[in-house]
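Trainee: Fold the following for me, if possible:
(chains A, B, C and D)
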There are 2 protein chains.
Amino acid sequence: MIQINAMQARAARKLDLWLGSLHGIGFGDLVILRALRDAREVYRQLDLARQLHLSPSGLTRALIPLEKIHLIERERDARDARISRVRLTETGRRIVDDAEETAREACEQLFAGIPLRDLRAVAGLLDDAGSISERSSKASA
Amino acid sequence: MIQINAMQARAARKLDLWLGSLHGIGFGDLVILRALRDAREVYRQLDLARQLHLSPSGLTRALIPLEKIHLIERERDARDARISRVRLTETGRRIVDDAEETAREACEQLFAGIPLRDLRAVAGLLDDAGSISERSSKASA
DNA sequence: GACAGATCGTTGACTACGCAAATAATATGG
DNA sequence: CCATATTATTTGCGTAGTCAACGATCTGTC
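Mentor: Numbers count the residues shown, from 1 in each chain, chains lettered A, B, ... in the order given. Next up is the predicted model:
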């Protein structure tokens, strides 16, 4: 647990730098854009926030710069004016594809040397962990 | 990678709440106190920061409240006045032991239902990952 | 012995997030 | 049809971390 903290922080920071210099977005931005690209529906902010495990206010703030540089658009729902719908722009779609490729390469480099078997185990764990809400995990590890 | 982000954040937040209500410290504080308790030497701040993968300034700021509530003490080195040595107080030692037990229980609960095999794999991965600095990992996973 | 340069800790300015309260809009009971 | 409750987003304020710049101190070299 303790190392997950440090490891994750360092990896995310590295990705931030890499993505930032090449595409002008951070890791958190990429996560948001990916979700938008892969969405079936046009998300309301609240649903998007829930899927990303982000607070609604956190999402509001994350969207501001993305809207400013025209990677996303927001539009008030016609039926319910409380709701704002978020959608990728064409530019956004291009960027997310490029940036994802960059991230994939960066990650390959980051985790090189770690046995594939372990990576698979982690991936499996994380899929389950998507649902941890009232459960938790092994102590200090 | 993407899920590590969210999972880690949520788990850490949960631990924060739990530790905060029972012992008055956060997860980050526990990590620092544990390192101090388990240290062979009396750490300089810079070495402590390096071990925790924290920036020196981040550590400075994290130590302020810990010193204020007397869980740690700082003392100028006699030989080199630039260096400040950090040490647990008696109270600090008591708190860290109690809080660690709380964290262990919380983690057991958090990760219940995840196969032990996977947890071991992750633990192994993290040991290796301690040294990732110029390497990275598998893409979006 | 003075002084140029490295090292240690702190500070300022910034980002990214959370929670709680405020705001705006809709839904509902009487 | 109005009063009240509920829902979606935003805003205010606090926390935790980063990096870059600074002052204090130490060290090696002339």
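Trainee: Let me see the mean pLDDT of whichever strand or helix holds residue A:102.
Mentor: Per DSSP states H and E, residue A:102 falls inside helix A:90-110. Helix A:90-110 carries an average pLDDT of 89.
Trainee: quick check, it touching chain B?
Mentor: Yes: on the criterion Cβ under 8 Å from any Cβ of the partner chain, helix A:90-110 is in touch with chain B at A:100, A:103-110. Backbone N, C-alpha and C define where each C-beta goes, glycine included.
Trainee: Buried residues, that helix. List them.
Mentor: For helix A:90-110, the neighbour count (16 or more other Cβ atoms under 10 Å in any protein chain shown) marks A:92, A:95-96, A:99-100, A:102-103, A:106-107, A:109-110 as buried.
Trainee: and of these, the nearest to DNA strand C?
Mentor: Nearest to DNA strand C among the buried residues of helix A:90-110: residue A:99, at 14.1 Å, using Cβ to the nearest atom of the strand.
Trainee: contacting residues around the closest one?
Mentor: By Cβ atoms under 8 Å, 6 or more residues apart in numbering or on different chains, residue A:99 lies in contact with A:19, A:22-23, A:25, A:30, A:33.
Trainee: which regions of chain A sit below the pLDDT cut-off?
Mentor: A:1-3, A:111-141 (pLDDT under 70).
Trainee: Kindly recompute the last result at 90.
Mentor: For chain A, the stretches flagged by pLDDT under 90 are A:1-15, A:17-18, A:103-141.
Trainee: how far away is the spatially most central residue of it from residue A:45?
Mentor: With distances taken as Cα atoms, centre = their mean, the residue of chain A nearest its centroid is residue A:31 (1.7 Å). Distance check for residue A:31 against residue A:45: by Cβ to Cβ, to the nearest Å, it reads 15 Å.
Trainee: just residue A:92 next, same as before
Mentor: Distance, residue A:92 to residue A:45, using Cβ to Cβ: 16 Å.
Trainee: quick one: stretch A:10-20 to chain centroid distance?
Mentor: 13 Å (Cα atoms, centre = their mean, to the nearest Å).
Trainee: circling back: is it correct that the residue nearest to the centre of chain A is in contact with residue A:53?
Mentor: No: between residue A:31 and residue A:53 there is no contact under Cβ atoms under 8 Å: 9.9 Å.
Trainee: Just give me the neighbour total for the residue of chain A found nearest DNA strand C.
Mentor: Nearest to DNA strand C, among the residues of chain A, is residue A:58, at 2.4 Å (Cβ to the nearest atom of the strand). By other Cβ atoms under 10 Å in any protein chain shown, 13 other residues sit near residue A:58.
Trainee: No further queries at this time; thank you.
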